[in-house]
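Undergrad: Requesting a structural model of the entry that follows:
(one chain, ligands or ions: 2)
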Amino acid sequence: VRELRVPANGLVLLVGVSGSGKSTFAATHFAPSQVVSSDAYRAIVSGDANDQSATADAFELLHHVVDVRLRRGLLTVVDATNVQSSARASLVKVAKANHVLVDAIVLDVPESVAVERNRARTDREHGAHVVARQRGDLRRSLRSIRKEGVRRVHVLTPEDVAGAVVVPERP
Ligand code: ATP
Ligand code: MG
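TA: Numbers count the residues shown, from 1 in each chain. Ligands and ions are numbered 1, 2, ... in the order given. Predicted structure coming up:
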């Protein structure tokens, strides 16, 4: 069993390409109210969780909800790809403004596995080129994320995921 310690009143960033298993991991390890997902806010502002034109408005709401939850001392998990440093930076900023810690859980899945999983999905329409671009972003992220104000970076391979348990702890 691999224990993933995360801040009980802080922020957890899930990081991984589409199909890496972020939403599945979130549903397995966290309560629904603890998980703030970009899909959910895209759906709220556009009626369609896949509407990429809704991304900016969705993230405006997502950041606001993260801000309020952290101010209220609630463990908050961001279920979005978070493969770009700019996306992580804005979330780290919200955490810092609330004086709470940020940990990341990276789902490091081979590109072929993610593409294969996405092929079988009915809730996603984007193709292999999207995963390829995200995989490039993730590769760069794995080099830089430890210098971005994230405290712990838990990197899980597909083999690690089954044996992982999340342990929220008070600083
Ligand atoms: P997106 O960024 O597109 O929202 P995601 O990272 O949230 O993707 P999921 O929706 O959790 O990915 O998973 C994608 C598909 O892979 C789903 O069909 C899910 O059932 C499957 N899957 C998730 N985790 C695993 C796993 N550990 N083993 C096998 N299949 C998995
Ligand atoms: Mg998802």
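Undergrad: Get me the contact residues on the chain for ligand 1.
TA: Taking CB under 6 Å from any ligand atom as the contact definition, the chain meets ligand 1 at 16, 18-24, 81, 117, 120-121, 124, 158, 161. The way it works is simple: take the backbone N, C-alpha and C, and place the C-beta from them, glycine included.
Undergrad: which of these has the most neighbours?
TA: S20 (30 neighbours; other CB atoms under 10 Å).
Undergrad: Provide a list of residues in contact with it.
TA: S20 is in contact with 107-109, 114, counting by CB atoms under 8 Å, 6 or more residues apart in numbering.
Undergrad: so what's A58 closest to, chain neighbours aside?
TA: Y41 (3.7 Å; CB to CB, 6 or more residues apart in numbering).
Undergrad: Oh, that last question was meant for N98, not what I typed.
TA: That would be L70: by CB to CB, 6+ apart, it lies 3.9 Å from N98.
Undergrad: returning to that earlier point: now, which of the contacts of S20 sits nearest A58?
TA: Nearest to A58 out of those is L107 (CB to CB; 20.9 Å).
Undergrad: ok so, going back, who touches the residue nearest to A58 in this structure?
TA: Applying CB under 8 Å, 6+ apart, we find Y41 in contact with 54, 57-59, 61-62, 65.
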